[in-house]
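Asks: structure, please.
(2 chains, ligands or ions: 2)
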Amino acid sequence: MKTLEIKNIHAKIGNKEILKGLDLDLEPGKIHAIMGPNGAGKSTLSKTIVGHYDVEVTEGDILYKGKSILDMEPEERALEGIFLSFQHPVEIPGVNNAYFLRTALNAKRRHEGKEELNAAEFLREMKKHLEMLGMKADMISRSLNEGFSGGEKKRNEILQMLILQPEVIILDEIDSGLDIDALRAVSEGINMMKDGKRSFLVITHYSRILDYIKPDYIHVLKEGRIIKTAGPELVAHLEEHGYDSIVEEA
Amino acid sequence: MKLSELKGKTREETATLLGIDPEAAALEHFLALGLPDKKSEEYRYFRVEKLLERDYKILDYVPKAIQEAEKIVISDGVVTHAPKGLRIYNERCQTMDPVHFDPLYYLSHLLSPHVIKIDLDGDTDIEIEHRFTQSNTLINYRIVLANQANRHATVFESFREEEIEDTLVLYGYDILVAPDSTLRILKNQLMQKNRYAMVASHRIQLAQRANALIKSFDLGGDMGLQLIKADLDRYAHIDAGHLLYLNHEAQRGTVSKIIHKGEHSTSHQEAKNILDGNARGIFDALIKVEHSAKYTKAHQNSKAILLHEKAYMVAKPQLEIYIDELEASHGSTTGQLDEKQLFYLRSRGISYTEARKMLVIAFANTLIDQVKDHRHQDIIKASFEEVFYSGS
Ligand SMILES: Nc1ncnc2c1ncn2[C@@H]1O[C@H](COP(=O)(O)OP(=O)(O)OP(=O)(O)O)[C@@H](O)[C@H]1O
Ligand SMILES: [Mg+2]
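Replies: Ligands and ions are numbered 1, 2, ... in the order given. The predicted structure follows:
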């Protein structure tokens, strides 16, 4: 069975239709990369999957493990295992990063009928990941994303992924603005999550990250639709000839 | 008695109605300012008339033998408990402000010519619990606090009431902050169910190089107004923070005048307001810099978050300046909870209610974090949760 089935999705932001009959299936254990020009609707697609308030779905359906998620609240989708690493993570002054993460993890554990972690247990867990991601220890005590550099914000998204252990992982330009070390650390985090079951949707403009996390499929998103799906060899073609060289498949 | 009966009365009539000496100093000031109504500057946004029109039972304030306890307890205006060794007197007030802006400041002095005087000896940390046990009653008392030069004292104020209703509490401090000393006053007041309304009228006098930290946490519903006048001598500093977290039909807030009299005095005043339901929050605050107060620094700010379309914030930070050798700023903003932030939290599996609570507390945290004592912080946070879950 597919992990996620996106069927003929039409979605509006305001009065503007952005996704215009988009079809895409995510397979278990596979890494799907999405590439496409600016403004094509990549972030809108990711927001649609997680139930963002900006987006209004007018037609089509999204099935997760065979069930429609369109009527689910964002938090329910998250608890069921859908995770989006935002292109622009928001800063939340006054909300402690560790407290936030523990609240999120415990919400998930409650949902799964597991015991909640206390502060000490959680900190041990968090520190392990911080080290692996090359993040400073003060990320525990700072406010969520407040004053974080671009790279620190992206690492913090990966940290959340590692702690929450989701099953569908959408990464919206996780590689933008990362230095070489950060890109490597982030990729390593993503690779650690590969277990043959989880599905990944990696939105990117660059082939660089795809050298670290080997995609199984490349999808080209243009003008609100997936116009081509191919293997990793497509990346080189796109880099050379650009998106205009792609003609929509029948 | 109904306090509204004092409206427009002569000196003799007022003295007779209140059963006081017609020569009392406070009477002159009270008559000059007049009983407050809708048109009074200080009570523009607070329906004080409604409170003054009720018929209240009047109490006799007979000092009692004080029992030993961890904290000071003032029950219906009388001290019943206090820590061992603390010096508390019942005496005629000698420190009344001759130029307070609030008529009820003078009325409460008239009704309580004897004040509760508490000496803050040395470096000390005390808690005052105000208890109210009488319904339909006017509870009136005044407290004088004096600390010592070069010392640091903290006063934590809490309020507890029985199952009473429709009582009016008029009380307030006259505070002398000694030279080179620090006095911190933290107030946590959760009001609910119209058990009582409160007008608290304070005067704070800061000597040279004195520091005062005044942090108020006003939570819940009902009617309550604190009026603060502070006078700053040379190099004195006041740091005032006011948190409002209101719901239902609350009408609460702060009316203040901070007056810079001495050179190099500094003031910082910050209001954070979270308003739910039909609540009205008030922050009507003037900072005045007199001719004598060169090189002053004065900063004032109010931020409000409205959680309900019917909630309303009156934010009036004002500066009145008579010199130009100073550094000053003021501002106010009103908005809603940030939708993006709310979504971010929910996208991680945190429920809407929990996410909302996290953001509301985050907004308040800058003020709550300034309460250094963890026990006090926990009390404030517990009140916060209570209001949050009592809804709008
Ligand atoms: N909140 C919004 N209000 C109005 N228009 C929006 C909003 N969000 C997105 N859009 C529009 O929707 C279109 C698709 O935007 P989207 O962010 O999905 O593009 P993208 O493919 O992610 O682009 P990029 O590569 O630049 O990140 C753009 O034309 C954008 O201007
Ligand atoms: Mg985008």
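Asks: avg pLDDT for whichever strand or helix holds residue A:79?
Replies: Element membership of residue A:79 [criterion: DSSP states H and E] is helix A:74-80. Taken as a whole, helix A:74-80 has a mean pLDDT of 98.
Asks: from the middle of its chain, how far away would the next helix or strand after it be?
Replies: Using DSSP H and E, the helix or strand that follows helix A:74-80 in sequence is strand A:82-85. Counting by CA atoms, centre = their mean, to the nearest Å, strand A:82-85 is centred 4 Å from the centre of its parent chain.
Asks: which residues touch strand A:82-85?
Replies: Contacts of strand A:82-85 with the rest of the structure, by CB atoms under 8 Å, 6 or more residues apart in numbering or on different chains, involve A:46-47, A:49-50, A:64, A:69, A:154, A:157-158, A:160-161, A:164, A:166-172, A:174, B:347. Just so you know, the C-beta spots here come from the backbone N, C-alpha and C atoms, and that holds for glycine as well.
Asks: give the contact list for whichever residue of the stretch 101-250 of chain B sits closest to ligand 1.
Replies: In the stretch 101-250 of chain B, no residue comes nearer to ligand 1 than residue B:245, which is 31.2 Å away by CB to the nearest ligand atom. Taking CB under 8 Å, 6+ apart, we find residue B:245 in contact with B:217-220, B:273-274, B:360, B:364, B:384, B:387.
Asks: try residue B:34
Replies: Counted by CB under 8 Å, 6+ apart, residue B:34 has contacts B:7, B:40, B:103.
Asks: which ones among the residues you listed are found in helices?
Replies: Applying DSSP state H to the contacts of residue B:34, the entries found in helices are residue B:103.
Asks: flag whichever of the contacts of residue B:34 scores worst on pLDDT.
Replies: residue B:40 (90).
Asks: so it sits right up against residue B:103, yeah?
Replies: Yes. Look at residue B:40 against residue B:103 with CB atoms under 8 Å: they come within range, at 7.4 Å.
Asks: higher neighbour count, those two?
Replies: Here residue B:40 and residue B:103 are compared on neighbour count by other CB atoms under 10 Å in any protein chain shown; more neighbours surround residue B:103, at 23 against 18.
Asks: can you give me the end-to-end distance of stretch B:101-119?
Replies: 26 Å (CA to CA, to the nearest Å).
Asks: now find how far off-centre that stretch is within its chain.
Replies: Offset of stretch B:101-119 from its chain centre (CA atoms, centre = their mean): 14 Å.
Asks: got the buried residues for that stretch?
Replies: Using 16 or more other CB atoms under 10 Å in any protein chain shown as the test for burial, stretch B:101-119 gives B:101-113, B:115-118.
Asks: export stretch A:97-105 as CSV, just CAs?
Replies: Below are the C-alpha coordinates for stretch A:97-105, written out as CSV (Å, rounded to 0.1, in the frame of the first residue of the first chain):
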residue,chain,number,x,y,z
ASN,A,97,12.7,25.0,23.0
ALA,A,98,13.0,21.9,25.3
TYR,A,99,9.7,22.5,26.9
PHE,A,100,8.0,22.7,23.5
LEU,A,101,9.7,19.6,22.2
ARG,A,102,8.8,17.6,25.3
THR,A,103,5.2,18.8,25.1
ALA,A,104,5.0,17.7,21.5
LEU,A,105,6.7,14.3,22.2
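Asks: any residue of that stretch up close to chain B?
Replies: Yes. Stretch A:97-105 lies within reach of chain B by CB under 8 Å from any CB of the partner chain, at A:100, A:103-104.
Asks: list the contacts of the residue in the stretch 1-150 of chain B that ligand 2 sits nearest to.
Replies: Using CB to the ion, residue B:45 is the residue of the stretch 1-150 of chain B that sits closest to ligand 2, at 46.4 Å. Neighbouring residues of residue B:45 by CB under 8 Å, 6+ apart: B:251, B:253, B:280, B:282, B:284, B:314.
Asks: okay, it: pLDDT?
Replies: What the model reports for residue B:45 is a pLDDT of 94.
Asks: on the three-state scheme, it is what?
Replies: Recorded secondary structure, residue B:45: coil (DSSP: H, G, I helix; E, B strand; the rest coil).
Asks: next, give phi and psi for it.
Replies: Residue B:45 adopts backbone torsions of phi -110, psi 10, taken as degrees, to the nearest 10.
Asks: same deal with residue B:27?
Replies: According to degrees, to the nearest 10, the main-chain angles of residue B:27 amount to phi -70, psi -40.
Asks: got a list of what it touches?
Replies: Applying CB under 8 Å, 6+ apart, one finds that residue B:27 lies in contact with B:11, B:14-15, B:20-21, B:106, B:110.
Asks: among these, the buried ones, what's the ChimeraX command?
Replies: Selection command for ChimeraX covering only the buried members of the contacts of residue B:27, criterion 16+ other CB under 10 Å:
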select /B:14,15,106,110
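Asks: so which of the contacts of residue B:27 is the closest to chain A?
Replies: residue B:106 (40.7 Å; CB to the nearest CB).
Asks: in chain A, what residue is nearest ligand 2?
Replies: Closest residue of chain A to ligand 2, CB to the ion: residue A:43 (3.1 Å).
Asks: the host helix or strand of that residue and ligand 1, are they touching?
Replies: In the assignment (DSSP H and E), residue A:43 maps to helix A:42-50. Yes. Remark: helix A:42-50 sits within contact range of ligand 1 at A:42-44, by CB under 6 Å from any ligand atom.
Asks: wait, does the next helix or strand after that helix make contact with ligand 1?
Replies: Once the chain leaves helix A:42-50, the next helix or strand it forms, by DSSP H and E, is strand A:55-64. No. Counting by CB under 6 Å from any ligand atom, ligand 1 is not contacted by strand A:55-64; separation bottoms out at 8.4 Å.
Asks: circling back: in helices only, show me the residues of stretch A:97-105 next to chain B.
Replies: Secondary structure from DSSP H places A:100, A:103-104 of those in helices.
Asks: so which of the residues you listed also contact ligand 2?
Replies: The subset of these within reach of ligand 2, by CB under 5 Å from the ion, is empty.
Asks: adding distance to ligand 1, pLDDT and neighbour count, write the residues you listed out as CSV.
Replies: Formatted as CSV, these follow (distance: CB to the nearest ligand atom, whole Å; pLDDT from 0 to 100; neighbours: other CB atoms under 10 Å in any protein chain shown):
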residue, distance to ligand 1, pLDDT, neighbour count
A:100, 24, 97, 23
A:103, 27, 97, 23
A:104, 25, 98, 24
